[in-house]
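In: this one's sequence-less:
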């Protein structure tokens, strides 16, 4: 079995949250997709080569895939933890690189950045799943 009892809450909470986010982005309007892409460009300028519609589609499918993987109990926690760590790490990096999201110290969120700062919790969950060891 790929999941331990101690991982259930971590995987359910993060998986349901990410899956819902991905489903909500299905059929994203071009303007909204372009806004999300513009924010992502602060951290990943190479995303400029993708059309906004495709960016929104890829983001939606990626979130649906990751959310579903977290909810599937037969997938190993370390594997989904690795995927969640990569995804959440990119979200946290975007938060840190986007002007106006952090206070002068470059880390603590502004009122505008609070919604993105929550991605630090997803990163922590991913790391917990990735590095948790089975008791001997």
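Out: All right, it came through fine. Here the structure is a predicted model, which is why all the values come from computation and not from measurement.

In: contacts and neighbour counts: CA atoms only from here.
Out: Noted.

In: Next, the buried residues of the least confident helix or strand in the chain by mean pLDDT.
Out: Least confident helix or strand of the chain, by mean pLDDT, DSSP states H and E, is helix 114-117 with a mean of 91. For helix 114-117, burial by neighbour count (16 or more other C-alpha atoms under 10 Å) applies to 116, 117.

In: Does anything pack onto that helix? Which helices or strands?
Out: helix 77-97 (3 or more C-alpha pairs under 8 Å, 6 or more residues apart in numbering; DSSP states H and E).

In: before we move on, the earlier item: ok and the helix or strand that the least confident helix or strand of the chain is followed by relative to helix 77-97, angle-wise?
Out: Counting by DSSP states H and E, the next helix or strand C-terminal to helix 114-117 is helix 119-131. With axes from the mean of the first three to the mean of the last three C-alpha atoms, to 10 degrees defining the directions, helix 119-131 sits at 150 degrees from helix 77-97.

In: Begin at 37, not 1, for the rest of this chat.
Out: With the count now opening at 37, the last piece we talked about shows up as helix 155-167.

In: And the residue nearest the centre of this structure?
Out: residue 124 (3.9 Å; C-alpha atoms, centre = their mean).

In: which ones are touching it?
Out: 155, 156, 158, 159, 162 (C-alpha atoms under 8 Å, 6 or more residues apart in numbering).

In: and the residue lying closest to residue 160 once chain neighbours are set aside, how many neighbours does it have?
Out: Using C-alpha to C-alpha, 6 or more residues apart in numbering and skipping the chain neighbours, the partner closest in space to residue 160 is residue 121 (7.8 Å). Residue 121 has 22 neighbours, counted by other C-alpha atoms under 10 Å.

In: Low-confidence stretches in this protein?
Out: Scanning the chain with the threshold set as pLDDT under 70 gives 37-38, 170-172.

In: Apply 90 and report the result again.
Out: Low-confidence regions of the chain, defined by pLDDT under 90, span residues 37-42, 154, 168-172.
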